[in-house]
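fold the following, please.
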Amino acid sequence: MEECIRSIAPGRIRVRHDALKDAELAERVRGFLETKEGVRSASVNPRTGSLLLEYDPEHLAPLHLLAFVEEMQQTLHIDFREKTEEKCGCSLFRPLSGLMGGMTPRQLENRGMMLALGASVACILAGRGTGHAAFGWVFLALNALHLVRYRKCL
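Residues are numbered from 1 along each chain as shown. This is a model prediction of the structure:
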């Protein structure tokens, strides 16, 4: 569920999940949350799959919100534990994630870009132009993959 939380502040939390793109389900989630004591308002945008929940932090703690999610999953038959990234993202690196200590594809991309960029800079400082070019191409390929995966956020 942590993967779905986009922002959190005392009294306010924003969650994004693909399940909320279903307008009927989004309305049921909104209705369910607004019946809970301590919830000031709940608004769902099915177009983006986003939920904005405003609550009274003096009456509700984050543990209460997690209990709401568990209750909602059972009542409305929704599984919010599915990772949005795995459903929407590129599966190119997924087979490698088990070998890399369970890193997500996004982590593999980010670390790969960082290593390729560092190696490219090291090669140019060492006077190795071909190494610099090779690692530069690796960096550009990973960057292009990253941009394709997250084009909706740009």
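
where in this structure is pLDDT low?
Applying pLDDT under 70 to the chain flags the ranges 1-3, 78-103, 152-154.

can you give me the helices in it?
23-34, 62-76, 84-88, 94-97, 105-125, 129-149 (DSSP state H).

who wins for proximity to Val44 among those helices?
For Val44, the closest of these is helix 23-34, at 4.0 Å, according to Cβ to Cβ. All C-beta atoms are positioned from the backbone trio N, CA, C, and that covers glycine.

export the closest one to CSV, keeping only CA atoms.
Below are the C-alpha coordinates for helix 23-34, written out as CSV (Å, rounded to 0.1, in the frame of the first residue of the first chain):
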residue,chain,number,x,y,z
ALA,A,23,-15.8,5.2,-11.7
GLU,A,24,-18.4,2.9,-9.9
LEU,A,25,-15.8,1.5,-7.6
ALA,A,26,-14.3,4.9,-6.9
GLU,A,27,-17.7,6.2,-5.9
ARG,A,28,-18.2,3.2,-3.5
VAL,A,29,-14.8,3.9,-2.0
ARG,A,30,-15.7,7.6,-1.5
GLY,A,31,-19.0,6.7,0.1
PHE,A,32,-17.4,4.1,2.4
LEU,A,33,-14.8,6.5,3.6
GLU,A,34,-17.2,9.4,4.2
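
can you list contacts of that helix?
19-20, 39, 41-46, 49, 51, 53, 68, 72, 75-76, 78 (Cβ atoms under 8 Å, 6 or more residues apart in numbering).

can you give me the distance of Tyr150 to Leu76?
From Tyr150 across to Leu76, the span is 29 Å (Cβ to Cβ, to the nearest Å).

out of the helices of the chain, which comes closest to Gly11?
Short answer: helix 62-76, nearest of these by Cβ to Cβ, at 11.3 Å.

may I see the buried residues of the closest one?
Leu65, Phe68, Val69, Met72 (16 or more other Cβ atoms under 10 Å).

which elements pack onto that helix?
Applying 3 or more Cβ pairs under 8 Å, 6 or more residues apart in numbering; DSSP states H and E, we find helix 62-76 packed against helix 23-34.
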